[in-house]
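>>> Here is a sequence together with a model predicted from it:
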Amino acid sequence: MILNQSRTLFASLGLSFAFVLALLFFGGWGNPHHVAAVQGHDRPSPMVSHSPAVPVVGDELVLTLTISNPLVTDLNNITITQILTPDLGITSRITYSGLVDGSCHAETWLCSGTLISQTSAIITATYLVSGTGVVGMPISYTTSITSTDLEHALAVDAATAAVVGPNLSSIGVNYGPGDPIYVGDTLVVTMTLEHPGDNALSAVELATVVTPTLELISITTTPALTCSTWPCELTLVSGTTTITSSYRVDAPGLIGTPISYTAHLSHTALTETLTTTSRQTNRVARPEFRISANLQANDPIALGDRLVLTMQLANPAQGPLTGISLSQVLSPELRLLDLEVNEAITGCTTQLPCNNATVMSNSTALVTATYFVDKLVDAPITHSSILSMSALSEPISVSGSTGLVDQARIFLPLVRKPAPDIYADWVSLEQPAAGASVNFIYVNQAHDQCHGPVAEQQLPNTILAATNTGIYSLSEASAIGEVGSWQQLTATATLSVSHIISTTVGYFVSSFNEGSVWHSTDNGATWNTESLTDNQWVYWLAEAEGHILAAGANGLFIRTSDGTWIRESAIDGSVFRVTASGNTAYAAEIGATKDVIWRSTSGGAIGSWEAISATLPEPVAFIQSLDLYSGDTPELLVGTVDYGIYQLSGDELIPFAINPTLRVHGIWRDVQGRVYASYRENGIWSFPAEGGEGIPLHTQPDNASFGDQWLYSINGNAGSECGIIMAGSREGNVWLRRIP
């Protein structure tokens, strides 16, 4: 009671009880210990630390505040605040320990409570290192502590090291300083990024800039990220990221200039966009374009001669050279007799100029123009061959000239004896593959695509032999009176080839030893296989309107416009032959006792096939070959096993040829509808379009026949300039002659 009254009295005098006790015990008002206790080294001391030492954008920054109270009294009504520059957002709740009746509010960054005497409090705040332009800046932070028991606020100022962020560490391309680069090549730009943080960094914008602008083919990243075009916004993972972008080297006026490339990285945390040093490739090389002529400036030339100019365009690039235009200018103008191209170029056929042509990759295109010298000018003939393409700032022109046209020889060409046609009678060519069976001969059907040393000895420009050891191409004869030689096409040596067709989408090849179909879109330079599900081998091929048809051991397979092969479910058995023209197609299904003919009038489409009502009359049972001649009568001819040729007439199969009644391996018809057939044992026979009596064509100039050789194939070209008939045998021989 007395004590309480005393405390009240002291309070009314403005004196604390503790202060009075101090006066009583220590005997005076300004004792040094008192000063030390309130204002000296035993004052509450705050300490702040941060982790990590170097903050990374996208990661967390942890600030830890430790407050120690060495006093003998509690610190009441403590208020703690923390201010960061730049301002960072709290990523989680502020955690604390050691505050009695404490609380912390992350939204306002305010902690309060009581710190008991002789104890410490620990407060931890976690921030996300982010914000506009934060990279490259230190994060400054000020921590303030107030209490009703402290005369002055306590404050701690500190700062982190500068914030670091993502970096573009390198950029390069797939061409070294000395590597040539061509139109049609693929330029691959690779940039490497480093993200030093532990967490992924979102909303990073990247771009590779190529000058001049090239067509972007693809973008790939390691590790895998989503990026398909530039600029690209993505999330960078921790560590190294490699981004590769591929471009087609082709742009207007590109040839003769280098390609510049650089990379950009931007993010809100960066004060400016990071950009690699701009680099350049070598200058894009000019294509090699040459001209060769059969008549030079010192060569005599006269009326009636032929001037042959061959343009050579090399494409060493990884991809095709597109959008090519080739032309020739002659003075005086001469009549173009023939234009011949090799397999390396497409889009250039019968006339000059040829526009929008394509030269295949890693190949040399040859375009040969033959002109008739029919103008007497008593002056040289000058000629210029011109190559144009968008990548050239100006066309490339190569010029030349002949000697003077000799007036004294003006009539000599008119009386010169023409070269003999060595193909007027049967000519036996060398064997394509040394005894390997010639199962089929492909002949280009175009009437105006011919080549040869002279007009009298021209042949179709593409002739292919399908043998048991691959495909062979017949080259052009190198001199008058000579015949060409055979060269094997790339990668076909393992095939026992049964058939070859040329279509609007390239060559297709079937074989006796594979269940797939081979396909080439570059005239046989390269091949890929297209699988026919559960099929063992393929006998024959045909092209209908919109579909490719394959006669297989496991049925009829149909290739749709998207390249997918589908089996026709209506036909259960093996299909030995197939033929098509326009929207009409026929297929011969192998039967146990008699073969069945199926028909489609919808371009061979899936589900459009029906068995025809006509059947082979007794004793005929099996079909060896089919020939469809759309718009003619008869439309369908059927070569049988051992019983000659039959024709489809209404709902019946009736005899077409009176003789011979043998196995018919092949049938071919010319533009007049005349029929030529190859027989296994009896050579080649010709029949009128309406059928009936045939005549043998297999007798050679020395009255020798093809002997006992089995003729597996017959084909031809019905044109007036280079029309021929060709035959191939099981024994590996090939013959040809003009159509009689």
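Perfect, I can see it now.

>>> in a helix, that's where Trp540 is, yeah?
No - assigned with DSSP: H, G, I helix; E, B strand; the rest coil, Trp540 falls outside any helix and is strand.

>>> What distance do you get for it to Tyr141?
Remark: distance between Trp540 and Tyr141 (Cβ to Cβ, to the nearest Å) = 84 Å. Glycine gets a C-beta too; all of them are placed from N, C-alpha and C.

>>> For whichever strand or helix holds His499, which outside residues touch it?
Using DSSP states H and E, His499 maps to strand 497-503. Identification of contacts with strand 497-503 by Cβ atoms under 8 Å, 6 or more residues apart in numbering yields 439-440, 442, 444, 462, 464, 466-468, 470-471, 507-512, 537-543, 548.

>>> Would you mark the buried spots in the helix or strand containing Ile219?
Element membership for Ile219 (DSSP H and E) is strand 215-222. Judged by neighbour count using 16 or more other Cβ atoms under 10 Å, the buried positions of strand 215-222 are Ile219, Thr221.

>>> ok, then the element right after it?
Strand 215-222 is succeeded, C-terminally, by strand 232-236 (DSSP H and E).

>>> Summarise which helices and strands that following strand is packed against.
strand 201-211 (3 or more Cβ pairs under 8 Å, 6 or more residues apart in numbering; DSSP states H and E).

>>> The strand it packs on pairs with which strands, parallel or anti?
strand 232-236 (antiparallel), strand 260-266 (antiparallel) (DSSP bridges).

>>> Comparing these, which stretch has the densest surroundings?
A comparison of the strands paired with strand 201-211 by mean neighbour count, using mean count of other Cβ atoms under 10 Å, puts strand 260-266 on top with a mean of 19.

>>> Quick one: distance of that strand to the chain centre.
25 Å (Cα atoms, centre = their mean, to the nearest Å).

>>> Low-confidence regions, this protein specifically.
Regions of the chain meeting the criterion pLDDT under 70 cover residues 1-41, 376-377, 406-417, 698-707.

>>> Give me the most central residue, it.
For the chain, the residue sitting closest to the mean C-alpha position, by Cα atoms, centre = their mean, is Ile217 at 8.3 Å.

>>> For that one, give me its contacts.
Listed by Cβ under 8 Å, 6+ apart, the contact partners of Ile217 are Thr186, Ser246, Tyr247, Arg248.

>>> Among the residues you listed, which pair sits farthest apart?
By the measure Cβ to Cβ, Ser246 and Arg248 form the most distant pair in these, at 8.0 Å.

>>> Mind listing the shared neighbours of these two?
Thr186, Leu187, Ile217.

>>> The strand holding Ile219 - which strands sit beside it in the sheet, and in what orientation?
Short version: by DSSP bridges, strand 215-222 pairs with strand 239-248 (antiparallel).

>>> Quick check: buried residues in the partner strand?
Within strand 239-248, the residues that count as buried by 16+ other Cβ under 10 Å are Thr241, Ile243, Ser245, Ser246, Tyr247, Arg248.

>>> go on, stretch 562-579?
Trp565, Ile566, Arg567, Glu568, Ala570, Ile571, Ser574, Val575, Phe576, Arg577, Val578, Thr579.

>>> Which of these sits closest to Val664?
Closest to Val664, out of all of those and judged by Cβ to Cβ, is Arg577, at 11.2 Å.

>>> Report the residue ranges of every domain in the protein.
Domains of the chain are assigned by automatic domain parsing as 2-39, 45-162, 167-284, 293-415.

>>> now the longest one, how far from the chain's geometric center?
It stands for domain 293-415. 33 Å.

>>> all strands for the stretch 251-400 of the chain, in order.
Counting by DSSP state E, counting those that start in this stretch, the stretch 251-400 of the chain has strands at residues 260-266, 274-275, 279-280, 284-285, 288-293, 306-315, 321-331, 335-341, 345-346, 354-359, 363-372, 380-388, 396-404.

>>> The stretch 501-650 of the chain now?
Using DSSP E, counting those that start in this stretch, the strands of the stretch 501-650 of the chain run over 506-511, 517-520, 528-530, 538-544, 547-552, 555-559, 565-567, 575-581, 584-589, 596-600, 610-611, 623-628, 636-640, 645-649.
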